[in-house]
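**Q** My questions concern the predicted model and sequence given below.
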Amino acid sequence: MKFSRIPKTMEPSNPIVKALLTDFYQITMAYAYWKCDKHNDPACFDLFFRKNPFKGEFTIFCGLEECIRHILDIGFSESDIEYLKEILPSHVHDGFIEYLLTLDNKDITVRAIPEGTIVFPRIPLITVEGPLAKLQLIETTLLNLVNFASLVATNAARFRLVAGEDVKLLEFGLRRAQGPDGGISASRYCYIGGFDATSNVLAGKMYDIPCKGTNAHSFITSFSSLDELKDINKTINGCPCDMKEFVKICSKYREDVCSFLEINADETIEGELASFISYAFTFPDSFLVLVDSYDVFNSGIPNYLIVALALKELGFVPIGVRIDSGDLAYQSIEIRKIFQLASKNFNIEYFAKMSIVGSNDICVDTIASLNQQGHSLDSLGVGTHLVTCKSQPALGCVYKLVQVNGKNRIKLSEDPIKTTMPGKKAIFRLYGNEGHPLADIIQEDKEPAPTQRVLCRHPNNEVQRVYINPSDIKCLQKEWIKNGELVESLPNIHEIKKLCDTEIKTMRRDHVRLLNPTPYKVSVSEPMYEMMHKMILDHTPIREMK
């Protein structure tokens, strides 16, 4: 039986993240390594991606904490072993089964870029060193933990960039996510990427994410008249006020509001008013309701103002409204005008600034269009396009062997971007005088750190090279696990979110803009370039023509 070697708080957040969460061929390769006595060969793998998602020029790296938790908790249970014995060929040696049963992390070392950092293609996000078979067995799990996390965090960052700093972004995607695991992960990494809150209660509990939510059309339409409201005793703001009295207070404002809006009171839907009164009575400190169940301007807004005035009389501050259909730009502007006029008419200053929340299948292009038209939305609720990453379903991270037994290894391809960069590496970010990153440079780990006048070469094009005189240089990777032991404290979700925000603000605007962004330079040092291209030549057969 395998026992955990770490406190429960450092186990993977998701209980299905276990050693068996892998591809079958990782097990068969591990057996082949073991059979050939290569399983303990010291090896090094890099995890990276080749192309930024969403036709952009940046990516937010996420998923590191879960990778670390998985590596710290690595190992097969007896039931795992029994299952593997069923699916592996019968000739598999008992010695390999014993090897799997005693698998641990004591020889694994992990270096990685901090979670929440802005990253670029071909940069090693995670570098793992250790026995060859062990590193092979964790490949699929690490890729699974990084791919979606980084993709959805990047998507969230794009929403934040187009929405701007002043608009609150609320993640409403749980019901549309790819299953429970996708929903939980999306809520976590959307918060890191720039969203302010989630509707996902379990994610809020698990990851300390603020939760937001009000009501749905079903709640509004479940009421049909004021007669349905029960006479319930409740104290509001320290004064006895039961439901019957609250209905009376609301009713006295009905004629005033309809006169102010120049509409007939009979046009408003009484059931909607009853639902608003019920919700305000239950949540007087956070009264925000959906106003488009019937007619926004002839029923929803009048009924909202009626209840808002009643709450004001009792000493509460109503929050605002949500619209979930129709022309969000036009409706929000008109609602803002009504709020401003109501503020003057009823002499209540804060009415002018009551919140307007918009939702309804919002994507990045929707927000860009709203910005172009002009709008008065204070918050946006985003679901499907955010959590499903509808415009690009996968990031495409890969995990490649770069060294074994102290010898650099390379994988060639006719597509130059798929040719791997061999060897252990050190990665540095070079900054200009204005504090913006200018380029990342990949070096061999044995090279001295760059200082002044750094020669940066394009990894594939021999004529593209530039000297950079950086004002600051930062080593991107840190050591997190050494020989199976955690050696660096993991930041909490709020610290990762803050880093992500800082990283994006540090970039030049043209690198992170959504339309035609400027590519960021990822370069290699001169020794790295020479070593890599020598290996390419050494491993490329010379064809003979007849």
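**A** Sure, I can see it.

**Q** what's the helix or strand containing residue 537 packed up against?
**A** Per DSSP states H and E: residue 537 is located in helix 526-538. The contact analysis (3 or more Cβ pairs under 8 Å, 6 or more residues apart in numbering; DSSP states H and E) places helix 526-538 against strand 437-444, strand 454-457. In this view, the C-beta of every residue, glycine as well, is placed from N, C-alpha and C.

**Q** Go ahead and confirm residue 182 touches residue 389.
**A** No: Residue 182 is beyond contact range of residue 389, at 10.0 Å (criterion: Cβ atoms under 8 Å).

**Q** that older thread, take the helices and strands packed on helix 526-538 and write them to TSV, including distance to residue 228.
**A** Putting these into TSV (distance: least, Cβ to Cβ, whole Å) gives the following:
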stretch	distance to residue 228
strand 437-444	60
strand 454-457	71
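
**Q** most tightly surrounded among those?
**A** Across those, averaging neighbours per residue (mean count of other Cβ atoms under 10 Å) puts strand 437-444 on top, at a mean of 22.

**Q** Now do that one: which elements does it pack against?
**A** strand 425-431, strand 454-457, strand 465-468, strand 521-524, helix 526-538.

**Q** Just put those in CSV and tack on distance to residue 272 and mean pLDDT.
**A** Compiled in CSV, the helices and strands packed on strand 437-444 are given as follows (distance: least, Cβ to Cβ, whole Å; pLDDT from 0 to 100):
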stretch, distance to residue 272, mean pLDDT
strand 425-431, 55, 98
strand 454-457, 63, 96
strand 465-468, 63, 96
strand 521-524, 56, 98
helix 526-538, 67, 96
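
**Q** quick one on the thing from earlier: quick one: closest of the helices and strands packed on helix 526-538 to residue 507.
**A** Closest to residue 507 of these is strand 437-444 (Cβ to Cβ; 6.5 Å).

**Q** ok, then the element right after the lengthiest helix in the chain?
**A** The single longest helix within the chain, with elements called by DSSP state H, is helix 139-163. Toward the C-terminus, helix 139-163 is succeeded by strand 168-171 as the next helix or strand (DSSP H and E).

**Q** got a list of contacts for that next one?
**A** 156, 159-160, 163, 186-187, 190-191, 194-200, 212, 357, 378-383, 386-387 (Cβ atoms under 8 Å, 6 or more residues apart in numbering).

**Q** Which one's more surrounded, residue 182 and residue 389?
**A** It is residue 389, of residue 182 and residue 389, that has more neighbours when counted by other Cβ atoms under 10 Å, with 21 against 18.

**Q** Doesn't that one lie inside a helix?
**A** No: using DSSP: H, G, I helix; E, B strand; the rest coil, the assignment for residue 389 is coil, not a helix.

**Q** tell me which residues of stretch 512-532 are tucked away?
**A** Buried residues in stretch 512-532, counted by 16 or more other Cβ atoms under 10 Å: 512, 514, 517, 520-525, 528-529, 531-532.

**Q** typo on my end, it should be stretch 327-347
**A** Buried residues in stretch 327-347 (16+ other Cβ under 10 Å): 328-329, 331-333, 335-336, 338-339, 342-343, 345-346.

**Q** hmm, back to that, can you tell me which of the helices and strands packed on helix 526-538 comes nearest to residue 546?
**A** Closest to residue 546 of the helices and strands packed on helix 526-538, according to Cβ to Cβ: strand 454-457, at 37.2 Å.

**Q** Distance from that closest one to the middle of the chain?
**A** Relative to the chain's own centre, strand 454-457 is displaced by 33 Å; criterion: Cα atoms, centre = their mean, to the nearest Å.

**Q** Send me it as PDB with only the CA atoms.
**A** Output of strand 454-457 as PDB, limited to C-alpha atoms (Å, rounded to 0.1, in the frame of the first residue of the first chain):
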ATOM      1  CA  VAL A 454      23.600  40.600 -25.100                       C
ATOM      2  CA  LEU A 455      23.700  38.900 -28.500                       C
ATOM      3  CA  CYS A 456      20.300  37.500 -29.200                       C
ATOM      4  CA  ARG A 457      19.900  35.100 -32.200                       C
END
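
**Q** how about the helices and strands packed on strand 437-444, which one is nearest residue 488?
**A** Of the helices and strands packed on strand 437-444, nearest to residue 488 by Cβ to Cβ is strand 425-431, at 16.7 Å.

**Q** which residues touch the helix holding residue 537?
**A** Applying Cβ under 8 Å, 6+ apart, the contact partners of helix 526-538 are 408, 410, 412, 419, 421-423, 425, 442-444, 447, 455, 457, 459, 462, 524.

**Q** Could you export it as CSV, CA atoms only?
**A** What follows is helix 526-538, C-alpha atoms only, in CSV (Å, rounded to 0.1, in the frame of the first residue of the first chain):
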residue,chain,number,x,y,z
GLU,A,526,25.3,32.2,-29.6
PRO,A,527,26.5,29.0,-27.9
MET,A,528,23.0,27.7,-27.8
TYR,A,529,22.5,28.4,-31.4
GLU,A,530,25.8,26.7,-32.4
MET,A,531,25.1,23.6,-30.3
MET,A,532,21.5,23.3,-31.6
HIS,A,533,22.4,23.6,-35.2
LYS,A,534,25.4,21.3,-35.0
MET,A,535,23.0,18.7,-33.5
ILE,A,536,20.6,19.3,-36.4
LEU,A,537,23.4,18.7,-38.9
ASP,A,538,24.7,15.6,-37.0
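
**Q** I'd like to check the angle between that helix and strand 437-444, please.
**A** 60 degrees (axes from the mean of the first three to the mean of the last three Cα atoms, to 10 degrees).
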